[in-house]
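Novice: got a sequence here, can you build the structure:
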Amino acid sequence: MSYFKHHVFFCCNQREPGNTCCNDHKATVMQTYAKDRIAALGLKGRGKIRINKAGCLDRCDDGPVLVVYPDNVWYTYIDKDDVDEIIDEHLVHGRIVERLRLPD
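Specialist: The predicted structure is shown next:
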């Protein structure tokens, strides 16, 4: 068994002005929000869920992006409502959010 049931990486890369990057879409704010929400739900820790920042995940044109492992499911999102849906549906109930899913 993996140490975490789900390991979620938010791309929080910041590039020079004029270059597309996830942090231009408040990725760091959304990552912090997700981390706090997971903790508030009691889902943080061993055997549960870990929310991490990542450098560039090389999907800038699809951004902002996050990836859920070990499921290898990539998502885009716009706001806290989208992040909440990913948490509630995928991480809690195991249902992929198709409307936010990015192709592999």
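Novice: what lies in contact with the helix ranked longest in the chain?
Specialist: Taking DSSP state H as the criterion, the chain has its longest helix at helix 27-40. If you take Cβ atoms under 8 Å, 6 or more residues apart in numbering as the criterion, helix 27-40 is touched by 8, 10-13, 44, 48-49, 51-53, 63-64, 66, 77, 79-80, 83-84, 87, 91. Where you see a C-beta, it was placed from the backbone N, CA and C, and this is true even at glycine.
Novice: buried sites along that helix?
Specialist: A27, T28, M30, Q31, Y33, A34, K35, R37, I38 (16 or more other Cβ atoms under 10 Å).
Novice: now that helix: mean pLDDT?
Specialist: When pLDDT is averaged over helix 27-40, the result is 97.
Novice: so the helix or strand immediately after it in the chain versus helix 27-40, what angle?
Specialist: Proceeding N to C from helix 27-40, the next assigned helix or strand is strand 49-54, under DSSP states H and E. Interaxial angle of strand 49-54 relative to helix 27-40 (axes from the mean of the first three to the mean of the last three Cα atoms, to 10 degrees): 160 degrees.
Novice: any idea how far W74 is from the closest residue to G55 other than its chain neighbours?
Specialist: Counting by Cβ to Cβ, 6 or more residues apart in numbering, N13 is the residue found nearest to G55 once chain neighbours are left out, at 5.4 Å. Per Cβ to Cβ, to the nearest Å, N13 is found 15 Å from W74.
Novice: which one of those two is surrounded by more residues?
Specialist: Set side by side, N13 and W74 show more neighbours around N13, with 23 against 19, by other Cβ atoms under 10 Å.
Novice: so which residues of this protein form strands?
Specialist: Assigned by DSSP state E, the chain shows strands spanning 6-11, 49-54, 65-69, 73-76.
Novice: can you redo these as JSON lines with distance to L100 and mean pLDDT?
Specialist: Below are those laid out as JSON lines (distance: least, Cβ to Cβ, whole Å; pLDDT from 0 to 100):
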{"stretch": "strand 6-11", "distance to L100": "13", "mean pLDDT": "97"}
{"stretch": "strand 49-54", "distance to L100": "16", "mean pLDDT": "97"}
{"stretch": "strand 65-69", "distance to L100": "9", "mean pLDDT": "97"}
{"stretch": "strand 73-76", "distance to L100": "5", "mean pLDDT": "98"}
